[in-house]
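Engineer: Everything below, folded, please.
(chains A and B)
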Amino acid sequence: MRAALLFFGVLMAGCSGGLLGRSYSLDHQHRADLHATLRGMVVHRDGALVARYPLIDLDTLRLSPNGGHLVFAARAGSGWRVVVDGRVLGRPWDAVLPGSLRLSDGGQLSLVARRGALLFVVHAGAAPAEVAEGPYDGVTALQVDEEGAHHGYVARRGALAFVVLDGRELGPHEAVAELKLGPRGGRWAAIVRRDGRWWVLHDGGAAPHDSAAGLRFCPRGEHLYYVARDGGRERVIAASRPEAPPGPPFAKVEWRTLQAAASDEKTGPLYVAQSAEDRFLVHGGTTGPPYDSIRSPRVSERRSAYLGRRGDKEQAVIDGRPGPWYDEVADPVIADGAGADSDSGYAYLGRRGGDLFLVLPGRELPLRWALAGSLALCPDGSHVGLLGGVAAHALQLLVDGRPVREFEAEEPEEVRRVWGARGLQRWVAAALPCAAAPAK
Amino acid sequence: MERREFFQAGALGAVALLGRGGTAQAAQELGPAAMEQFLGRLDRQQEWMARHPVDGILAAVGATQMAERERCEALIRKVLRSMNLTRSFRELPASGRAHPGMQGRMAAALPEITAAVAEARSFLIDLSPADRLDLQRTVRAHPEILPRLAAHLEQESLTAGIAPERGGQVRRQVEHLDLQLRRSRVDAVLDEYVARADRAAQAGSVKEMVQRLGDRLGAPAFYTQPQRQEQLARAWWEQPPPEEYPGAGEVYRLGDEPLSEEARQRRVSKLVAGAVLLGIGFEWTVLGLGFIPLTVGLSSIAATPGVPMLIAGIALLSVNGRRPR
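Structural biologist: Below is the predicted model of the structure:
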């Protein structure tokens, strides 16, 4: 009897309040927890009870990027219902596809739900009613623009494919390879196949190619770029700037590397191109030196950086200026506030043999660490913070090379949550007088 | 030891895990003569793959007029040679894998194996969504392409002197890929191989890998396996050389010039040390641990892209070849 009571007690303890999983906001400052209890499942947001249902799908538990809104799917009666900020939306569904959930900071929700064998795209915002579009046999590439004002996706019905923008079907097409919404203003572009050719559709225009890939809008959304292949050669096309000549042809353009800065009127897009066995970074009209491989290319409003490897050596190239050679180099951080022509405002880690270095403009500081960590800079590049250490349970925060804080093995979760780059930037800002908001 | 070096070293051992082949052979004891025969055959196969024209392969998929023929041909050769070598390695029993001649060949092939894996991964990653859809459309519109290629590869493997079982294995892999591409979404098929390669790239540190190995082996096996591997490797040097062998006792390098005694001692010492180092992989093989290949970066040639990459590349280029210019 005593053993049975003990077992029951342990069972009660185990079943009440067991954490099943959690979801964080983008900056990790807000948290949603899903717990299992004897009376069902409960959701807490930042420790406060939000809802209780018999069954909640953990995969659908999602906070908006700023943590202001919460969504999940809960079992109610014979179907799954979508719950936003504790409010139950519309009709029950047979299933909600977790990967399709999009919840904006404004509370606008988009998702794909299934009823029977058919798929529907569901939207809900400030209005109490949800809107369901469809049915379709397949839905992919569901996306919402930054303002939450426009949405689009690729839908399939039988053998036909459609681009659907704000509920309006465009097509049918033989296939849709890519769809991209601009960050704002309702602009869009798609790569579709018709009559055996690939067409890039954008803003009422259409251009045929042998193949195309990598649709990219610049951050403000004015310009669209993509990689086109014609006659066995590839080049970057500025689709929305008819006056701009197409980029030079290469044997291959690594379409995944294509990106555009906000000020691309002057500098143009950045991408990695291949000719014979060499790879080059192309930025605007300038082609960089040849490398065996190039990784981590990135461009910001005023600056650019990438890592080039030749043989068994690697170097960082900041604003077109190659740095020293190392055996390995970690991704650099760059301060946008520092001018591209000032040779300042960057930091990265380099390893030469068994020695680890913190590389700053004009100097390198040897580190006695085994683990490389996160780096962060002030917006003007005046101070650098580095979190790392000799082991995972003994981390250290250095600011400008001086230790300012030690971390133990078991730090509270609130501390561990800021171990990412954004949290580190806050610590750097707190430790030293940074000029403005932290650099991204 | 750096992680990259560890990958290279671990590759030799871990490739042995990439299949169950060789269980019958594992029961046999290999003598020096049999091992020399095996290595000689392997050398001839590798040489054949390095030189034999790949026109037949390209013709089988209608890609003779492709724009990127040079790149494609180099890739085909790398993949075929890497697959052949690693499969030959794992078909040997543990003592055969420890043979210095086999170890030497694996060590010499590491750069090519590494390149084959890296290029295979980047090849799949670089396929754009439009390329993938084109690939699937081609396979569906021309259902004879991949079966024809499968039959051709099997025939070619026989010509190269490769065991019929292994030729049949490649044929079945191509046919399986054909089925996948015709019935499933192309993204689901190719992403599976990309995900495997990505997992391999996130293998973790040397310490983590050794710790995982220790967890799986248990303490006695983990701590005694280096000694056992050393014994296996040393056993070869206590064997008499095969009769009529021209290498004057040098049993691990066919066709080499006879070495000086000093050079021979240096090589012996190096290879035995290498075998001990790589023995960790042999032990994994003996115990049949299947999870390791996904955790050791460069060893994933047979677990990851391999044949699908080869086929995808050829078929894609054939798609380009068919396009109107």
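
Engineer: so where's chain B uncertain?
Structural biologist: B:1-29, B:63-68, B:107, B:114, B:117, B:196-234, B:236-325 (pLDDT under 70).

Engineer: Nearest to chain A within it, name that residue for me.
Structural biologist: Minimum separation of chain B from chain A (Cβ to the nearest Cβ) falls at B:Ser128, amounting to 3.2 Å. All C-beta atoms are positioned from the backbone trio N, CA, C, and that covers glycine.

Engineer: near chain B, which residues of the stretch 101-250 of chain A?
Structural biologist: By the rule Cβ under 8 Å from any Cβ of the partner chain, the part of the stretch 101-250 of chain A lying against chain B is A:175, A:177-178, A:191, A:193, A:198, A:210-214, A:227, A:231-232.

Engineer: who touches A:Ser23 in this structure?
Structural biologist: Residues near A:Ser23 by Cβ atoms under 8 Å, 6 or more residues apart in numbering or on different chains: A:31-32, A:61-63.

Engineer: Strands - which of those residues land there?
Structural biologist: Those of the contacts of A:Ser23 mapping onto strands are A:31-32, A:61-63, per DSSP state E.

Engineer: Now, of these, which are buried?
Structural biologist: For those, a neighbour count by 16 or more other Cβ atoms under 10 Å in any protein chain shown gives the buried set as A:31-32, A:61-63.

Engineer: pLDDT and distance to B:Leu158 for the residues you listed - can I get that in a markdown table?
Structural biologist: Formatted as a markdown table, these follow (pLDDT from 0 to 100; distance: Cβ to Cβ, whole Å):
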| residue | pLDDT | distance to B:Leu158 |
| --- | --- | --- |
| A:Arg31 | 89 | 62 |
| A:Ala32 | 92 | 61 |
| A:Leu61 | 93 | 57 |
| A:Arg62 | 91 | 56 |
| A:Leu63 | 92 | 60 |
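
Engineer: Throw the residues you listed into a markdown table and include distance to A:Arg81, thanks.
Structural biologist: Shown next, in a markdown table, are these (distance: Cβ to Cβ, whole Å):
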| residue | distance to A:Arg81 |
| --- | --- |
| A:Arg31 | 23 |
| A:Ala32 | 17 |
| A:Leu61 | 14 |
| A:Arg62 | 15 |
| A:Leu63 | 19 |
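
Engineer: Next, B:Met35: secondary structure please.
Structural biologist: On the three-state scheme (DSSP: H, G, I helix; E, B strand; the rest coil), B:Met35 is labelled helix.

Engineer: If you count neighbours, what's buried in stretch A:21-38?
Structural biologist: Here stretch A:21-38 shows A:22-23, A:25, A:28, A:30-36 as buried, counting by 16+ other Cβ under 10 Å.

Engineer: Who does the closest residue to chain B within the stretch 201-350 of chain A form a beta bridge with?
Structural biologist: Nearest residue of the stretch 201-350 of chain A to chain B, counting by Cβ to the nearest Cβ: A:Ala213, 3.2 Å away. Assessed by DSSP bridges, A:Ala213 has beta-bridge partners A:Val227.

Engineer: what about stretch A:22-29, start to end distance?
Structural biologist: From its first residue to its last, stretch A:22-29 covers 13 Å (Cα to Cα, to the nearest Å).

Engineer: avg pLDDT for that stretch?
Structural biologist: For stretch A:22-29, mean pLDDT is 82.

Engineer: Report the secondary structure state of the residue nearest to A:Gly138 when sequence neighbours are not counted.
Structural biologist: Nearest residue to A:Gly138 in three dimensions, chain neighbours excluded: A:Arg156, at 3.8 Å (Cβ to Cβ, 6 or more residues apart in numbering or on different chains). Under three-state DSSP, A:Arg156 falls in the strand class.

Engineer: which residues does A:Arg156 bridge with?
Structural biologist: The partner residues for A:Arg156, given DSSP bridges, come to A:Gly138, A:Ala161.

Engineer: Can you go through the residues of the stretch 101-250 of chain A next to chain B and name the buried ones?
Structural biologist: Among those, those classed as buried by neighbour count (16+ other Cβ under 10 Å) are A:175, A:177-178, A:191, A:193, A:198, A:210-214, A:227.

Engineer: measure A:Gly401 to chain B for me?
Structural biologist: In this view, A:Gly401 and chain B are 25 Å apart by Cβ to the nearest Cβ, to the nearest Å.

Engineer: dump the residue contacts of that residue.
Structural biologist: A:358, A:365.

Engineer: where's B:Thr86 relative to B:Leu135, distance?
Structural biologist: Taking Cβ to Cβ, to the nearest Å as the measure, B:Thr86 falls 26 Å from B:Leu135.

Engineer: Show me which of these two is the more surrounded one.
Structural biologist: Using other Cβ atoms under 10 Å in any protein chain shown as the criterion, B:Thr86 and B:Leu135 rank with B:Thr86 on top: 26 against 22.

Engineer: Would you mind giving both backbone torsions of that one?
Structural biologist: Per-residue torsions, B:Thr86: phi -70, psi -40 (degrees, to the nearest 10).

Engineer: shouldn't the residue nearest to A:Gly138 be in contact with A:Ala141?
Structural biologist: No. Between A:Arg156 and A:Ala141 there is no contact under Cβ atoms under 8 Å: 11.0 Å.

Engineer: re the thing from before, on the pLDDT front, check the residue nearest to A:Gly138 for me.
Structural biologist: So, for A:Arg156, pLDDT stands at 91.

Engineer: swap in A:Gly186?
Structural biologist: Listed pLDDT for A:Gly186 reads 83.

Engineer: List the residues that contact it.
Structural biologist: When contacts are counted by Cβ under 8 Å, 6+ apart, A:Gly186 touches A:145, A:149-150, A:166.

Engineer: where does chain A have its least confident helix or strand?
Structural biologist: Least confident helix or strand, chain A: helix A:2-15 with a mean of 53, by mean pLDDT, DSSP states H and E.

Engineer: Tell me how far the following helix or strand past that helix lies from the chain's centre.
Structural biologist: Once helix A:2-15 ends, the next helix or strand along the chain (criterion: DSSP states H and E) is strand A:18-24. Distance, stretch centre to chain centre, for strand A:18-24: 22 Å (Cα atoms, centre = their mean, to the nearest Å).

Engineer: Can you give the strand pairings for strand A:18-24, parallel or anti for each?
Structural biologist: strand A:31-37 (antiparallel).

Engineer: Doesn't B:Leu39 lie inside a strand?
Structural biologist: No. Counting by three-state DSSP, B:Leu39 falls outside a strand, being helix.

Engineer: Touching, it and B:Met106? I think so.
Structural biologist: No. B:Leu39 lies out of contact with B:Met106 (Cβ under 8 Å); the separation is 11.3 Å.

Engineer: just for the stretch 151-300 of chain A, where's the confidence low?
Structural biologist: Using pLDDT under 70, the stretch 151-300 of chain A drops low at A:242, A:262-266.
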